[in-house]
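In: Quick one, what's the 3D model for this:
(one chain, ligands or ions: 1)
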Amino acid sequence: MKAIQIAIDGPASSGKSTVAKIIAKNLGYTYLDTGAMYRCATYLALKNDLTAQDVSSLLSELAAHPISFGKAADGSQKVFLGDCDVTLAIRQHDVTNNVSWVSALPEIRAELVAQQQRIATKGGIVMDGRDIGTVVLPRAELKIFLIASVEERALRRFKENQEKGIPTDLETLKEEIATRDFKDSNRKVSPLKAADDAITFDTTGVSIDEVVAFISEKANEILDK
Ligand code: DC
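Out: Residues are numbered from 1 along each chain as shown. Modelled structure (predicted):
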């Protein structure tokens, strides 16, 4: 059967990973959370007290502790750096608040983009991030750009954090999301932006099921051609 590439981009907490996981499962495709990869690089930078000046040390750390993904008993995704399970650690505040400077480093992006492109050669894939439609998979058959209001995204992340037992303040979260949007959209290398051929979908007030149905319909149109 024909297998396609689906790129889902958008700002923090726009619902990308939730819908990407469901769509990948429904189609029997690989799901790749590229944000988790930038979070892994950030975790390594913080753990080793590295700054933006220490890019070659950070690349060596990444080579020594390869990023991989696995599945927990409940079906949720697990993230590993070498043998170490960092699933929860990469969602903590210190990582979230430092990921923008790490993901703005061109050498780190080049390395992670190469890893992402290698994974995409293995067949049908749903990848979510900021530059998937523009840089990682420019020839993806389907490109979706999800947006939502800052208020709604902060509330979503607040609930997610509560479920994961990460203490958070909603107002702080709003400020952090707005700051990260600004940094992600204004960095020099691969800024967050919709590809010219992406379909932009505003998920404010729209349920996960409705977003999934919209993207699935578009995917099926391409698969049925
Ligand atoms: O999707 P997320 O919030 O877990 O992503 C964390 C950060 O990683 C995000 O603020 C910007 C960066 N990122 C990126 O620069 N490019 C990607 N393809 C994915 C994420």
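In: can you pull the contacts of Glu61?
Out: Residues counted as contacts of Glu61 (CB atoms under 8 Å, 6 or more residues apart in numbering) are Leu44, Ala45, Asn48, Leu50. Any C-beta I mention is one placed from the backbone N, CA and C, and that applies to glycine too.
In: Quickly find the element holding it.
Out: Secondary structure assigned from DSSP states H and E places Glu61 in helix 55-64.
In: List of residues touching the helix or strand following that helix?
Out: Using DSSP H and E, the helix or strand that follows helix 55-64 in sequence is strand 67-71. Defining contact as CB under 8 Å, 6+ apart, one finds that strand 67-71 is touched by Leu32, Asp33, Ala36, Met37, Cys40, Gln77, Lys78, Val79, Phe80, Leu81, Gln115.
In: same deal with stretch 45-56?
Out: Contacts for stretch 45-56 (CB under 8 Å, 6+ apart): Leu44, Ser57, Leu58, Glu61, Asp94, Val95, Asn98, Trp101, Val102, Leu105, Glu107, Ile108.
In: Which members of the residues you listed are positioned in helices?
Out: Those of the contacts of stretch 45-56 mapping onto helices are Leu44, Ser57, Leu58, Glu61, Asp94, Val95, Trp101, Val102, Glu107, Ile108, per DSSP state H.
In: any idea how far the fifth one lies from Val150?
Out: Read that as Asp94. Per CB to CB, to the nearest Å, Asp94 is found 22 Å from Val150.
In: what do you get for the second one?
Out: Summarising the geometry, the distance separating Ser57 from Val150, computed by CB to CB, is 35 Å.
In: before we move on, what about the third one?
Out: Separation of Leu58 from Val150 (CB to CB) stands at 30 Å.
In: Comparing these two, which residue is more hemmed in?
Out: Between Leu58 and Val150, Leu58 has the larger neighbour count (other CB atoms under 10 Å), namely 22 against 17.
In: Okay, strands next: where are they in the protein?
Out: Ranges of strands in the chain, per DSSP state E, are 5-9, 30-33, 67-71, 77-81, 84-85, 125-129, 142-147, 199-202.
In: Would the first one count as contacting the ligand?
Out: Read it as strand 5-9. No: using CB under 6 Å from any ligand atom, we find that strand 5-9 stays clear of the ligand, coming within 7.4 Å at best.
In: Name the residues of this protein found near the ligand, please.
Out: 12, 34-35, 38-39, 99-100, 103, 129-132, 180, 184.
In: can you put those residues in a markdown table and add pLDDT and neighbour count?
Out: Converted to a markdown table, those look like this (pLDDT from 0 to 100; neighbours: other CB atoms under 10 Å):
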| residue | pLDDT | neighbour count |
| --- | --- | --- |
| Ala12 | 89 | 24 |
| Thr34 | 98 | 23 |
| Gly35 | 97 | 17 |
| Tyr38 | 98 | 24 |
| Arg39 | 98 | 24 |
| Val99 | 95 | 24 |
| Ser100 | 92 | 18 |
| Ser103 | 95 | 26 |
| Gly129 | 96 | 30 |
| Arg130 | 95 | 24 |
| Asp131 | 96 | 23 |
| Ile132 | 97 | 33 |
| Arg180 | 88 | 19 |
| Asp184 | 90 | 20 |
